[in-house]
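Asks: Need coordinates for the below:
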Amino acid sequence: MGLHHYFGHEDLLRCRFALSPAWETQEAVRTLSRADRQGYHLPWLRRIRAAADGLDLRPLWLLMPHRGHSADFIGPPPSGPGVSFEEELALIRGTDPAAAREDMRKALACTPGALDSGLGRSMLADPARAVHDLADLMERVWSVLIEPHWPRLRALLEADILFHSRRLAAGGLQSLFDGLHPGLAWDAASLTLTIERPSHHERVLGGQGLLLMPSAFIWPGIAGGFDPPWQPTIVYPARGIGALWTPAQENTPDALARLLGRGRAEVLCALEEPASTTALAHRLGLAPSTVSAHLGVLHAAGLLISARHGHQVRYERTPLAIALTTGDPAR
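Replies: Numbering: from 1, shown residues only. Model (predicted):
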């Protein structure tokens, strides 16, 4: 049982990572209706509750069954790690109405009574209007629930991609897949990756490779099995969501603050994963110029290294800084 992805030799060279603002937006909507997903996100839920209450999310929830097919066109395939929500929204708005109707029909069929509901019938009767309205709703959800928190979310997702890219480089696919999710199993002999599921499905990758996408909101689950135009994709929980909404200042030891100064100590402790100046400023609630000054001092002192990734410079703690922040001189 399970969803089996069969690799060819060319697929082994075409595995890539990406992140998707539209995916995080739709999964945030799903989290609002799923108590089993909310444990790590209670601070966020408290912050956005009033804004969420002002949105009619029923059309999206109707296309997000607990099990089975969810409407794929609401979360189009990201072209790469740096895709913007605006680019993805344009793809949603450009969905062919006939394809959207079939996508919605499959999703509605997975929820008893949804096909015959007034809302379900309305969406299927005028799929072009449904695409327009759903895109507008996704835009509103993004602007009030996700965009204010996107720097923090993006930093988490980018750090996850960096971590797993290093695992892939160090240990190959076996090391990578072993660390993504306990529901994933890689069989190197048959070149098969399986997601544990109560049903049986098979997919031959056929040279397309596999897209791997971390998500802050999908925990504790894992998703896969998307239809074209999606590349074969697996969405898995990003590392570090337990501390996603925790104020970074709470993790700063007083002794370290006395040694370095409170501001620089907080910046150093906030770098549990590599991050940019902007991401750190958002997480700490400080001006980017202030964070940049602290980073400069810490870098000059040999506590940080920096590397450019696209248009961003990300900072990472050195072994000495790790020892200072964790109290473990052996690291």
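Asks: check which helix or strand covers Ile305.
Replies: Applying DSSP states H and E as the criterion places Ile305 in strand 304-309.
Asks: avg pLDDT for that strand?
Replies: In this model, strand 304-309 has a mean pLDDT of 84.
Asks: buried set for it?
Replies: Going by neighbour count (16 or more other Cβ atoms under 10 Å), the buried part of strand 304-309 is Leu304. Backbone N, C-alpha and C define where each C-beta goes, glycine included.
Asks: which helices and strands sit right next to it?
Replies: Packing partners of strand 304-309 (3 or more Cβ pairs under 8 Å, 6 or more residues apart in numbering; DSSP states H and E): helix 288-300, strand 312-317.
Asks: Any chance you could list what contacts it?
Replies: For strand 304-309, the surrounding residues in contact (Cβ atoms under 8 Å, 6 or more residues apart in numbering) are 158, 162, 268, 271, 274, 295, 298-299, 313-318, 321.
Asks: can you rerun that using 7 Å?
Replies: Identification of contacts with strand 304-309 by Cβ atoms under 7 Å, 6 or more residues apart in numbering yields Leu295, Leu298, His299, Val313, Arg314, Tyr315, Glu316, Arg317, Thr318, Ala321.
Asks: angle of it against helix 288-300?
Replies: 120 degrees (axes from the mean of the first three to the mean of the last three Cα atoms, to 10 degrees).
Asks: The chain should start at 47 in everything you say after this.
Replies: In the new numbering, first residue 47, that becomes strand 350-355.
Asks: how near is the nearest residue to Trp188 once chain neighbours are set aside to Phe263?
Replies: Distance criterion Cβ to Cβ, 6 or more residues apart in numbering; nearest residue to Trp188, sequence neighbours excluded, is Thr71 at 4.9 Å. Distance of Thr71 to Phe263, given as Cβ to Cβ, to the nearest Å: 9 Å.
Asks: of these two, who's got more company?
Replies: Neighbours per residue (other Cβ atoms under 10 Å) separate Thr71 from Phe263, with Phe263 holding more: 28 against 25.
Asks: Helix, strand, or coil at the more buried one?
Replies: On the three-state scheme (DSSP: H, G, I helix; E, B strand; the rest coil), Phe263 is labelled coil.
Asks: What strand or helix carries the nearest residue to it once chain neighbours are set aside?
Replies: Excluding its sequence neighbours, the residue lying closest to Phe263 (Cβ to Cβ, 6+ apart) is Glu73, at 3.7 Å. According to DSSP H and E, Glu73 maps onto helix 67-78.
Asks: Can you check what angle separates the helix or strand just after that helix from helix 67-78?
Replies: Proceeding N to C from helix 67-78, the next assigned helix or strand is helix 88-99, under DSSP H and E. Counting by the same axes, to 10 degrees, helix 88-99 lies at 90 degrees to helix 67-78.
Asks: With just CA atoms, put the very next helix or strand once past helix 88-99 into PDB.
Replies: The helix or strand immediately downstream of helix 88-99 is helix 104-108, counting by DSSP H and E. This file holds the C-alpha atoms of helix 104-108, laid out as PDB (Å, rounded to 0.1, in the frame of the first residue of the first chain):
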ATOM      1  CA  ARG A 104     -16.000  28.000   2.600                       C
ATOM      2  CA  PRO A 105     -15.200  27.800  -1.200                       C
ATOM      3  CA  LEU A 106     -11.600  26.900  -0.400                       C
ATOM      4  CA  TRP A 107     -12.500  24.400   2.400                       C
ATOM      5  CA  LEU A 108     -14.900  22.700   0.000                       C
END
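Asks: any idea how far Asp82 is from the residue sitting nearest the centre point of the chain?
Replies: Centroid check for the chain by Cα atoms, centre = their mean gives Ser261 as the closest residue, at 2.3 Å. Ser261 is 15 Å from Asp82, where distance means Cβ to Cβ.
Asks: related to what we said a few turns ago, the helix holding Glu73 packs against which elements?
Replies: helix 131-139, helix 173-187, strand 256-261 (3 or more Cβ pairs under 7 Å, 6 or more residues apart in numbering; DSSP states H and E).
Asks: Just put these in CSV and tack on distance to His355 and mean pLDDT.
Replies: CSV is the format used below for those (distance: least, Cβ to Cβ, whole Å; pLDDT from 0 to 100):
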stretch, distance to His355, mean pLDDT
helix 131-139, 19, 94
helix 173-187, 28, 97
strand 256-261, 15, 93
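Asks: Among those, which comes closest to Leu330?
Replies: Among the helices and strands packed on helix 67-78, the nearest to Leu330 by Cβ to Cβ is strand 256-261 (22.4 Å).
Asks: What strands flank the closest one, and is each parallel or antiparallel?
Replies: strand 61-63 (parallel), strand 279-283 (parallel) (DSSP bridges).
Asks: Quick check: phi and psi on Thr240?
Replies: Backbone torsions for Thr240, taken as degrees, to the nearest 10, come to phi -120, psi 130.
Asks: Based on its surroundings, how many neighbours for it?
Replies: So Thr240, with other Cβ under 10 Å, has 20 neighbours.
Asks: do the same with the one 10 residues further on
Replies: Here the count is done by other Cβ under 10 Å, and Val250 has 13 residues near it.
Asks: likewise the one 10 residues further on?
Replies: Counted with other Cβ under 10 Å, the burial measure for Pro260 works out to 27 neighbours.
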